[in-house]
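*Asks:* Following is a predicted model, sequence given first.
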Amino acid sequence: MGIATQTARKCFSENLKLLAHPETEPEKYNLYSGLTALAQAIAALETRIAQVEDTLSVLNRNINMLRR
């Protein structure tokens, strides 16, 4: 996970806990809940992209070995 994504997740989670209450400030609560979920989804995508890149690297090495 990238540093920006880690920072976003941390900040949005902190804002959710400190600045928003679901009963008294539902708009803020929904906003920070959504932003937290979005940051988590981006983190999952970053992880999956790294896995795909690793798999592609292995496949490229195997193709290069077969060409020899």
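*Replies:* Now that the structure is in, tell me what you want to look at. Numbering: from 1, shown residues only.
*Asks:* Remind me what the helix or strand of the chain with the lowest mean pLDDT packs against, helices and strands.
*Replies:* Sorted by mean pLDDT, DSSP states H and E, the helices and strands of the chain end with helix 3-19, the least confident at a mean of 91. For helix 3-19, the elements it packs on are helix 26-67, judged by 3 or more CB pairs under 8 Å, 6 or more residues apart in numbering; DSSP states H and E. Quick note: C-beta positions are derived from backbone N, CA and C, even for glycine.
*Asks:* Within its local environment, how many residues does A50 see?
*Replies:* Residues near A50, counting by other CB atoms under 10 Å, number 12.
*Asks:* Just the local confidence number for it, please.
*Replies:* Predicted confidence (pLDDT) for A50: 96.
*Asks:* Keeping just the C-alphas, turn the least confident helix or strand of the chain into PDB.
*Replies:* C-alpha atoms of helix 3-19 as PDB (Å, rounded to 0.1, in the frame of the first residue of the first chain):
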ATOM      1  CA  ILE A   3       2.100   6.000   1.700                       C
ATOM      2  CA  ALA A   4      -0.600   8.300   0.300                       C
ATOM      3  CA  THR A   5      -3.200   5.600   0.700                       C
ATOM      4  CA  GLN A   6      -2.100   4.800   4.200                       C
ATOM      5  CA  THR A   7      -2.200   8.400   5.200                       C
ATOM      6  CA  ALA A   8      -5.700   8.800   3.700                       C
ATOM      7  CA  ARG A   9      -7.100   5.800   5.500                       C
ATOM      8  CA  LYS A  10      -5.600   7.000   8.800                       C
ATOM      9  CA  CYS A  11      -6.900  10.500   8.400                       C
ATOM     10  CA  PHE A  12     -10.400   9.500   7.200                       C
ATOM     11  CA  SER A  13     -10.700   7.000  10.000                       C
ATOM     12  CA  GLU A  14      -9.600   9.600  12.600                       C
ATOM     13  CA  ASN A  15     -12.000  12.100  11.200                       C
ATOM     14  CA  LEU A  16     -14.800   9.600  11.400                       C
ATOM     15  CA  LYS A  17     -14.100   8.900  15.000                       C
ATOM     16  CA  LEU A  18     -13.500  12.500  16.100                       C
ATOM     17  CA  LEU A  19     -15.700  14.700  13.900                       C
END
